[in-house]
Structures are given as C-alpha cells and as structure tokens.
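Asker: Pasting a predicted model and its sequence here:
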Amino acid sequence: MNKKNLKTIIIAVPILVIAIGLKLLQGDGRLLYMSSDRPAAMQARFYRFSDEKERKVGLSPGDELIIRWEETEKAGSLRLEISDPEGKLIKRIDKGPAEYRCIAAQKGNYRLMAVGEKARGSFSVSWDYIQALDR
C-alpha cells in the first residue's frame, strides 16, 4: 500500500465512523435498511428506522381494501397509519400482527404509511383489493 492510499484510509475511516455515530445519536433516517416492494405489499428490515415509508392505493367508492400488518420491534416503535385521499387518519395500528378492512367512502388515493421512531426490527404490509360490485 502506498502513502497516498494510507493517508486516504487514515482520513476517511474516522470521518465515516463519526458520521455513522452522529446519525445514530440523532435517530433520524434509515441505517442498514433493506426493503422490497411488490404491487400489493411492502416490507423492510433495518437496524435503525426513524422515517416513513408510504404506498398509495387508488380506490373508488365501495371498493374494499384488506390490509395485513406484521412487525417485529427490537427497539423503538413502529406503526401503520391508514389515511383517506384528503389526508385524514382512518386507522392507526400500533402492534401487529393485525388485519384491517377499509371500505372506500370516496374516490382517490388511500395512503398506507409505515412510521418508525428509533425502531430496530422489521415490518411487512400487504393488501388485497376487492372492487365494488355495483360498478
């Protein structure tokens, strides 16, 4: 290893360690976060999650959405918030596993949002869409 590479390592490693430490102290954002999304599901595993992960589902009046929430908390808190197209909170699920049935009162994008506060663990949200019979 030449002197230039050694100097770079000596400078970069402490800066990286300090940056990770500050991020952990602040509790903001995502650290060691791995997620996967499918058309009717989202899931994630993480060391630190102080953020929101959102999916929108378009519904028409009378359509039904069956939502399943599973989570493991090793630290912090996790929850699922379900909001209508106007942003009004319909349901908040703090502990899983849980299932919730939502029947759309109006047309628009209903929002499913996983919210973490200094959380460590994982979550999984999946849903089934049932179209209203009168359409």
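Answerer: That came through, no problem. Numbers count the residues shown, from 1 in each chain.
Asker: what residue ranges in the protein score low on pLDDT?
Answerer: 1, 13, 16-28, 134-135 (pLDDT under 70).
Asker: Which strand in it has the most residues?
Answerer: strand 108-130 (DSSP state E).
Asker: Which strands or helices does that strand pack on?
Answerer: When contacts are defined as 3 or more Cβ pairs under 8 Å, 6 or more residues apart in numbering; DSSP states H and E, strand 108-130 sits against strand 41-50, strand 52-59, strand 64-83. No exception for glycine: its C-beta is placed from N, CA and C like everyone else's.
Asker: which one of those has the most crowded surroundings?
Answerer: Ranked by mean neighbour count under mean count of other Cβ atoms under 10 Å, these are led by strand 41-50, which reaches a mean of 19.
Asker: Just give me how far that strand sits from the chain centre.
Answerer: Centre-to-centre, strand 41-50 and its host chain are 6 Å apart (Cα atoms, centre = their mean, to the nearest Å).
Asker: which helices and strands does that strand pack with?
Answerer: Secondary-structure packing of strand 41-50 (3+ Cβ pairs under 8 Å, 6+ apart): strand 29-31, strand 34-38, strand 52-59, strand 64-83, strand 108-130.
Asker: do that again at 6 Å, thanks
Answerer: Packing partners of strand 41-50 (3 or more Cβ pairs under 6 Å, 6 or more residues apart in numbering; DSSP states H and E): strand 29-31, strand 34-38, strand 108-130.
Asker: Tell me the spacing between residue 86 and residue 106.
Answerer: 8 Å (Cβ to Cβ, to the nearest Å).
Asker: Please read the previous query as pertaining to residue 97.
Answerer: As judged by Cβ to Cβ, residue 97 and residue 106 stand 28 Å apart.
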